[in-house]
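Engineer: Need a 3D model of the following:
(2 chains)
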Number of protein chains: 2
Amino acid sequence: MNTYPVITISREYGSGGRLIGKRLAEELGLPFYDKDLITRAAADSGLSPEVLEAAEDQAPSSLLYTLSTGGLTGMVGGVGMPLSDRLFLAQFDAIRKIAAEGPCVIVGRCSNYVLRERPGALHFFIHADLDSRIERIIKEYGVPEKEAEAKIAKTDKRRASYYNHYTSVKWGDARNYHLSINSAALGIEGTVALCRDFVTAYRRQH
Amino acid sequence: MNTYPVITISREYGSGGRLIGKRLAEELGLPFYDKDLITRAAADSGLSPEVLEAAEDQAPSSLLYTLSTGGLTGMVGGVGMPLSDRLFLAQFDAIRKIAAEGPCVIVGRCSNYVLRERPGALHFFIHADLDSRIERIIKEYGVPEKEAEAKIAKTDKRRASYYNHYTSVKWGDARNYHLSINSAALGIEGTVALCRDFVTAYRRQH
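Structural biologist: Below is the predicted model of the structure:
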């Protein structure tokens, strides 16, 4: 493989997965996408960034139901479609466009599922022990100590629910990823290094 | 960490996980256990190796039911307990004894679950794309081509059923392992090398 692959990173809240993706992108010299995705999706679908951000916290409604009743006419942002589904489709579209532009690192938003059929894309999952995640969100995000565990449970539940709603596979199942790592075992830099080793070995093989 | 850790390897059928564990043990100079476990469990529990091997293919009956109705008196190999549960308990016991002896590589038999509370133990999961697993079992195990896919489905189902029956967690969930790898991405030797890199980085951190 002459060029770097497209790399997606899924992660548990507090595992450092976003930072690991950012550091990996820096080390490989690749563009990095996370919230940028939303801005881009918004720009391409005509939804304002504020509306898209607000939709982030909505519980997903039934996209399949919407589709089966003809509520979707193939147009992203179709009238009558729940905001969360319009957002999902806009992001889906943006992720595919970004990946089509070339090698990059994309964090979250079901990107591994969206790009599951893309030849040569690599999918990573970052998780960590609960204790280390609690420590991390207190230290890095300033979450109050007594709220930390509940916030982790709530955020993971939302991510899993979002993922399981929009995809046909289970969030966190190792078989959906080429590489899954407990970041507490190696630390942030150690995990970045292992991801880089994986990418290097992969390029040598393909 | 001055010594090597105890390493467990769980794997999908046809992923090369057993061979990867064997090669990793060779490279690190550690003892390797898989079927040996059964022999050892048999020796320690008084069950004959033939009986234990026969029990391997039994569907697990309800150990929890056995326990809740007082069918188990704390004695491995207790009379009245289904053979599959006696086997499980004998193996459980053997895995803990082997791990207590020192650093080693253990493949399968819910060993990651049995040793989940052991400080410093590392748990790996090896999986692979279906196509590469089919190719592997035809080539390495001589499974006829037309039977390969069905054999994989059946063996994985049995392993998942065994695991999910005897443990409180899901087989294949990335969060039960420190490292999960799709062995088709890097090949057997590439996967062994990545596992070794992980162990080296882990020892440096701890």
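
Engineer: State the number of residues packed around the closest residue to residue A:45 other than its chain neighbours.
Structural biologist: Spatially, and ignoring its direct neighbours in sequence, residue A:45 is nearest to residue A:90 (3.7 Å; Cβ to Cβ, 6 or more residues apart in numbering or on different chains). In short, each C-beta sits where N, CA and C put it, glycine included. The local packing of residue A:90 (other Cβ atoms under 10 Å in any protein chain shown) involves 24 other residues.

Engineer: For residue A:90, report the pLDDT, please.
Structural biologist: With respect to pLDDT, residue A:90 scores 81.

Engineer: pLDDT wise, what is residue A:50 at?
Structural biologist: Looking at residue A:50, its pLDDT is 70.

Engineer: One more: the one 5 residues further on?
Structural biologist: Residue A:55 carries a pLDDT value of 62.

Engineer: Next: residue A:36.
Structural biologist: 71.

Engineer: Check which helix or strand it maps to.
Structural biologist: helix A:35-45 (DSSP states H and E).

Engineer: picking up where we left off before, pull out the buried positions in whatever helix or strand the residue nearest to residue A:45 lives in.
Structural biologist: Here residue A:90 sits within helix A:83-101, counting by DSSP H and E. Applying a neighbour-count criterion of 16 or more other Cβ atoms under 10 Å in any protein chain shown, the buried positions in helix A:83-101 are A:83-95, A:98-99.

Engineer: Show me which residues of chain A are close to chain B?
Structural biologist: Residues of chain A lying close to chain B (Cβ under 8 Å from any Cβ of the partner chain) are A:12, A:122, A:125, A:127, A:170, A:172-175, A:177-182, A:185-187, A:190, A:193-194, A:197-198, A:201-202, A:204-205.

Engineer: among the residues you listed, which are in strands?
Structural biologist: Counting by DSSP state E, the part of the residues of chain A next to chain B found in strands is A:122, A:125, A:127, A:179-182.

Engineer: hmm, back to that, pretty sure the residue nearest to residue A:45 sits against residue A:44.
Structural biologist: Yes: Residue A:90 is within contact range of residue A:44, at 6.7 Å (criterion: Cβ atoms under 8 Å).

Engineer: Centroid-nearest residue for chain A?
Structural biologist: residue A:108 (0.7 Å; Cα atoms, centre = their mean).

Engineer: if I look at that residue, how far off is chain B?
Structural biologist: 15 Å (Cβ to the nearest Cβ, to the nearest Å).

Engineer: By mean pLDDT, which helix or strand of chain A comes out lowest?
Structural biologist: Least confident element among the helices and strands of chain A, by mean pLDDT, DSSP states H and E: helix A:63-68 (a mean of 48).
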